[in-house]
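1. With the sequence up front, the predicted model follows.
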Amino acid sequence: MQKAIKRYFPVFVLPTLIAFTIGFLAPFVLGVYLSFCKFTTVTDARFIGLGNYAKILGDGGFPSLSLVYCIIYDRNSITDQHFRFCGSNAFDKED
């Protein structure tokens, strides 16, 4: 039995590996590359290095807005999880 599993291992792993590469790995690598480019569409990307990151960090409102969005997101996700685990919803109607 173990010998058969070892022999057919690639048959079961390759489809999953191909799907993972197409669905996650390739878009992730493309996204990282595009973060270093200036572009309007992915076909006209022009490499500019760390320019995008310098522009974001140079913006005065970036750190404070990021903090505000993190606080809002955390509060909403904690509230949502509370309602899911407690079995109630703030929008339930009592008739």
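-> Cool, the structure landed.
2. Next, the residue nearest to the spatial centre of the chain: secondary structure please.
-> Geometric centre of the chain, nearest residue: residue 28, 8.5 Å, by C-alpha atoms, centre = their mean. The three-state label given to residue 28 by DSSP: H, G, I helix; E, B strand; the rest coil is helix.
3. contacting residues for it?
-> Counting by C-beta atoms under 8 Å, 6 or more residues apart in numbering, residue 28 makes contact with nothing. Where you see a C-beta, it was placed from the backbone N, CA and C, and this is true even at glycine.
4. Quantify the burial of the residue nearest to residue 47 when sequence neighbours are not counted by counting its neighbouring residues.
-> Leaving aside its sequence neighbours, residue 47 sits nearest to residue 37 (C-beta to C-beta, 6 or more residues apart in numbering; 5.3 Å). Using other C-beta atoms under 10 Å, the number of residues around residue 37 comes to 15.
5. One more: the one 10 residues further on?
-> Here the neighbour count serves as a burial measure; for residue 47 (other C-beta under 10 Å) it reads 11.
6. Same question for residue 59.
-> Other residues within reach of residue 59, judged by other C-beta under 10 Å, total 10.
7. separation between it and residue 71?
-> Distance of residue 59 to residue 71, computed by C-beta to C-beta, to the nearest Å: 19 Å.
8. how is this protein carved up into domains?
-> The chain is divided into the following domains under automatic domain parsing: 1-49, 51-88.
9. quick one on the thing from earlier: return the residues in contact with the residue nearest to residue 47.
-> Contact analysis of residue 37 by C-beta under 8 Å, 6+ apart lists 45, 46, 47, 48, 52.
10. helices and strands around the helix or strand of the chain with the lowest mean pLDDT, which ones?
-> Sorting the helices and strands of the chain by mean pLDDT, DSSP states H and E puts helix 62-86 at the bottom, at a mean of 74. Packing partners of helix 62-86 (3 or more C-beta pairs under 8 Å, 6 or more residues apart in numbering; DSSP states H and E): none among the helices and strands.
11. list the buried ones in that helix?
-> Using 16 or more other C-beta atoms under 10 Å as the test for burial, helix 62-86 gives no buried residues.
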